[in-house]
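Participant: make a model of this:
(chains A and B)
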Amino acid sequence: MSRIAARFEALRNTGRKALIPFITAGDPVEEFTVPCLHAMVQAGADIIELGVPFSDPMADGPVIQRASERALIHRMSLRKTLGLVAKFRVQDQTTPMVLMGYLNPIESMGYREFVDGAREAGVDGVLTVDMPPEESNELIALLDAAGIDPIFLLAPNSTEERIRRMGTLGKGYLYYVSLKGVTGASHLDLTEVEQKLADIRRLCDLPIGVGFGVKNAEIAGAVAKFSDAVVVGSALVGRIENNLSRLDQARADIVEMLQSMRRAMDAEVAR
Amino acid sequence: MITQSDSGTHYDLPDARGHFGPYGGIFVAETLIQPLEELREAYEHYRHDPEFIAELDYDLKHYVGRPSPIYHAERMSREIGGAQIFLKREDLNHTGAHKVNNTVGQALLAKRMGKRRVIAETGAGQHGVATATVAARLGMECIVYMGSVDVQRQSLNVYRMRLLGATVVPVESGSKTLKDALNEALRDWVTNVDNTFYIIGTVAGPHPYPAMVRDFQAIIGRESKQQMLELTGRQPDALVACVGGGSNAIGLFYPYIDDPAVAMYGVEAAGDGIQTGRHSAPLSAGRPGVLHGNRTYLIEDEDGEIMETHSISAGLDYPGVGPEHAWLKDSGRATYVGITDDEALVGFHALTEKEGILPALESSHAVAYAMKLAATMRPEQQILVNLSGRGDKDINTIATREGMVL
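Facilitator: Now for the predicted structure:
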């Protein structure tokens, strides 16, 4: 069983939902990332999504776009991101780590070299935003062979047929994009998301995480009621952006936000 | 009329999922999969619909002014002393470039699909103007995304778009040029998919865009086949067209692909020179990767980050290229060459002075290469150049470059 599957099983047994924070590797400086990841785990993160910076992040809103730009200024890269994961693994061998990014850096590195490097570094899942299952046979096969979970996105307009296919091809969890829009947008409709998740659950068995638009503890708690995991990205990255000249404060703000989300989620589920 | 009707054709790319060999495809986030499928189905339906075709043909004739003539540049040809140079005069279209062939088609499709809001990306502003033009005519809301750097260097076209009722949104992310405008347009589309039609301006993007834009632009090559026959009794020995994203080139090339006697040359912007690294020539100096929804040749660094490009011509200043060109390069059917900024200016002045035609800086790249190529050929041979746009929009750029104050 993969680290991700094991984590979801453990959470199910204790009746809790997964909290999945996202930050961009190397934002704003390389030294910030690994200590921040450890702090996020301390604050209650169950799984971590680590963003791989890309020059053209088409699916991201302005907050995460700027995180990529800050990281790329000092030439953060996919290879260096793998290095950060390896560094994180020195201390933490249990928290699942998912890389989230775009296909071109992976194409550029070469699928096999990337998958080998990811396995050695201790990556557990790979979510490639702009690679739908139709184009991913080769990469999925390599990831499967390496025991790394390919994680796919589902959207409000995904058809039943596609949801079934993602349920078969995907591993670990499925990431439900809660709204039509980019990351960090502000119009998540809880009723709509809850309804759609009920539809998705009829079609596949994987745990379902919900992201895009989870801005605060209140929304995180509400989403935890009907999802298996809550993904929070832009809200955390915004804390970094607001504290670029005092990164200790950025980390403290991130920890505080995750703790409040953790409390809200556990309280909602216990209710 | 939209299908490649000439008989004896064997070239039938792309495949059902938009692949030209290893290139093309659909590389987008999940939210765009369904709208792309909806677009593909609508396009498949209407491209065979006699009423749609009749409306498109009517607009191309009476609004765009087609067919565009072919002109024999006799004086220029004589002075070079080589092959005869013919010009397909897309610069004479309404709005001054080939771009309108595509926007007329996509806007009619948007109308049929019930979308009242159209969005577009633009670099030099030509596609933005062509989109704003058809949107004005059809009474559609029009949003044009344009890198803030381009907004500054193409202020005339920004004003034209605003006069036409479009909202021009300056894009401040990334390199603030065409590629970033495309990113922003995709973000808009993903947010407003229900009421919005994205009119992509070139043969790039996810399937079905490369095939659809090609089909709308292929009128250039279809007319050329007929006109060259009428004018000279035969087809040209070589075709020459500039390639940024590659829509004017593919429009000319496509109907000729199965005619091996006709050589095809795509001219990329070599900027300051390929060896300087400051260029926009992915086919000449890039490598395959994935950007903006398709796999194609890209200008990228060793980490797979897309690099900034350079060309004197804003319309060629793009780090990718249409996937069909990537395939035509690999298969050897077409040859891709580079022309520098300086060489393009030589082409610009030559055509202006010898024939009284001011070509766009984009098209000047094709003219400059045709001049070189003609010199290596015999006077009884023929080259057909796609003169994709007129140069009025570039007067300020050229004057500044040459130290003139207007």
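
Participant: name the nearest residue to residue 160, sequence neighbours excluded.
Facilitator: Looking at chain A here, since you left the chain open. residue A:203 (6.0 Å; Cβ to Cβ, 6 or more residues apart in numbering or on different chains). C-beta here means a position set from N, CA and C on the backbone, and glycine is covered the same way.

Participant: the chain in question should be chain B.
Facilitator: Leaving out its chain neighbours, the residue that sits closest to residue B:160 by Cβ to Cβ, 6+ apart is residue B:129, at 5.1 Å.

Participant: let me see the contact set for that neighbour.
Facilitator: Residue B:129 is in contact with B:95, B:99, B:122, B:157, B:160, B:161, B:164, counting by Cβ atoms under 8 Å, 6 or more residues apart in numbering or on different chains.

Participant: which residues of chain A fall in strands?
Facilitator: A:18-24, A:48-51, A:97-101, A:125-128, A:149-150, A:153-154, A:174-177, A:208-211, A:229-232 (DSSP state E).

Participant: pull up the pairing partners for the fourth one, direction included.
Facilitator: By that I understand strand A:125-128. In the sheet containing strand A:125-128, its partner strands are strand A:97-101 (parallel), strand A:149-150 (parallel), by DSSP bridges.

Participant: got the ones you listed as CSV, with mean neighbour count columns?
Facilitator: Below are these laid out as CSV (neighbours: other Cβ atoms under 10 Å in any protein chain shown):
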stretch, mean neighbour count
strand A:97-101, 25
strand A:149-150, 22
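
Participant: now do the contacts for the closest residue to residue A:244 other than its chain neighbours.
Facilitator: In this structure, residue A:244 finds its nearest non-sequential neighbour in residue A:28, 5.6 Å apart by Cβ to Cβ, 6+ apart. Neighbour list for residue A:28: A:70, A:71, A:240, A:244, A:247 [criterion: Cβ under 8 Å, 6+ apart].

Participant: equivalent analysis for residue B:59, please.
Facilitator: Residue B:59 sits next to B:104, B:108 when contact means Cβ under 8 Å, 6+ apart.

Participant: apart from its chain neighbours, what residue comes closest to residue B:254?
Facilitator: Ranked by Cβ to Cβ, 6+ apart and with sequence neighbours excluded, the top spatial neighbour of residue B:254 is residue B:218, at 4.6 Å.

Participant: low pLDDT regions in the stretch 1-150 of chain A?
Facilitator: Counting by pLDDT under 70, not a single residue of the stretch 1-150 of chain A qualifies.

Participant: return the residues of it in contact with chain B.
Facilitator: Residues of the stretch 1-150 of chain A lying near chain B by Cβ under 8 Å from any Cβ of the partner chain: A:53-59, A:61-62, A:65-66, A:69, A:72, A:75, A:77-79, A:102-109, A:129-132, A:134-135.

Participant: average pLDDT for the longest strand belonging to chain B?
Facilitator: As assigned by DSSP E, the longest strand anywhere in chain B is strand B:263-271. Average pLDDT, strand B:263-271: 98.

Participant: need the CA coordinates for that strand. CSV is fine.
Facilitator: What follows is strand B:263-271, C-alpha atoms only, in CSV (Å, rounded to 0.1, in the frame of the first residue of the first chain):
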residue,chain,number,x,y,z
ALA,B,263,8.5,22.9,-52.3
MET,B,264,7.4,24.6,-49.1
TYR,B,265,9.5,27.1,-47.0
GLY,B,266,8.5,28.4,-43.6
VAL,B,267,10.4,31.4,-42.5
GLU,B,268,11.0,31.9,-38.7
ALA,B,269,12.2,35.0,-37.1
ALA,B,270,15.9,34.7,-36.4
GLY,B,271,15.9,38.0,-34.5
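
Participant: still on that earlier bit, please report how far the residue nearest to residue B:254 lies from residue B:255.
Facilitator: Counting by Cβ to Cβ, to the nearest Å, the gap from residue B:218 to residue B:255 is 6 Å.

Participant: same question, residue A:143
Facilitator: According to Cβ to Cβ, residue A:143 and residue B:255 sit 43 Å apart.

Participant: ok, now residue B:219?
Facilitator: 9 Å.

Participant: neighbour-wise, which of the two wins?
Facilitator: Between residue B:219 and residue B:255, counting by other Cβ atoms under 10 Å in any protein chain shown, residue B:219 is the more crowded of the two (25 against 22).

Participant: quick one: name the residues of chain B near chain A.
Facilitator: Counting by Cβ under 8 Å from any Cβ, the residues of chain B close to chain A are B:17, B:25-31, B:33-35, B:173-174, B:179-180, B:183, B:186-187, B:190-194, B:288-293, B:295, B:298, B:300, B:302-307.

Participant: what about those residues, which are in strands?
Facilitator: Per DSSP E, strands hold the following members of the residues of chain B next to chain A: B:288, B:289, B:290, B:291, B:295, B:298.

Participant: let me know the pLDDT of the nearest residue to the last one once chain neighbours are set aside.
Facilitator: Across the structure, with Cβ to Cβ, 6+ apart as the measure, the residue nearest residue B:298 apart from its sequence neighbours is residue B:289 (4.3 Å). Reading off the confidence values, residue B:289 has pLDDT 98.

Participant: pull the contacting residues for residue B:289.
Facilitator: Residue B:289 makes contacts with A:104, A:107, A:108, B:295, B:296, B:297, B:298, B:300, B:304, as judged by Cβ under 8 Å, 6+ apart.

Participant: residue A:177: which of the residues you listed is nearest?
Facilitator: For these, the closest approach to residue A:177 (Cβ to Cβ) belongs to residue A:104, at 20.4 Å.

Participant: for chain B, what is the nearest residue in the stretch 1-150 of chain A?
Facilitator: Taking Cβ to the nearest Cβ, chain B has its nearest neighbour within the stretch 1-150 of chain A at residue A:108, 2.8 Å off.

Participant: residue B:302 is in contact with that residue, correct?
Facilitator: Yes. Using Cβ atoms under 8 Å, residue A:108 is in contact with residue B:302, at 7.3 Å.

Participant: who's more crowded, those two?
Facilitator: residue A:108 (21 against 9).

Participant: excluding its backbone neighbours, what's nearest that one?
Facilitator: Residue nearest to residue A:108 in three dimensions, not counting chain neighbours: residue B:304, with 2.8 Å by Cβ to Cβ, 6+ apart.

Participant: which residues touch that neighbour?
Facilitator: Listed by Cβ under 8 Å, 6+ apart, the contact partners of residue B:304 are A:54, A:77, A:78, A:104, A:105, A:106, A:107, A:108, A:109, B:289.

Participant: show me those residues that map onto helices.
Facilitator: Judged by DSSP state H, these include A:78, A:104, A:105, A:106, A:107, A:108, A:109 as members of helices.

Participant: I'd like the distance between the residue in the stretch 251-400 of chain B that chain A sits nearest to and residue B:263.
Facilitator: Using Cβ to the nearest Cβ, residue B:304 is the residue of the stretch 251-400 of chain B that sits closest to chain A, at 2.8 Å. Going from residue B:304 to residue B:263 by Cβ to Cβ gives 34 Å.

Participant: ok, now residue B:29?
Facilitator: Note on residue B:29: its distance to residue B:263, by Cβ to Cβ, is 40 Å.

Participant: and residue B:48, by the same measure?
Facilitator: From residue B:48 to residue B:263 the distance is 32 Å (Cβ to Cβ).

Participant: ditto for residue A:72
Facilitator: Residue A:72 is 41 Å from residue B:263, where distance means Cβ to Cβ.
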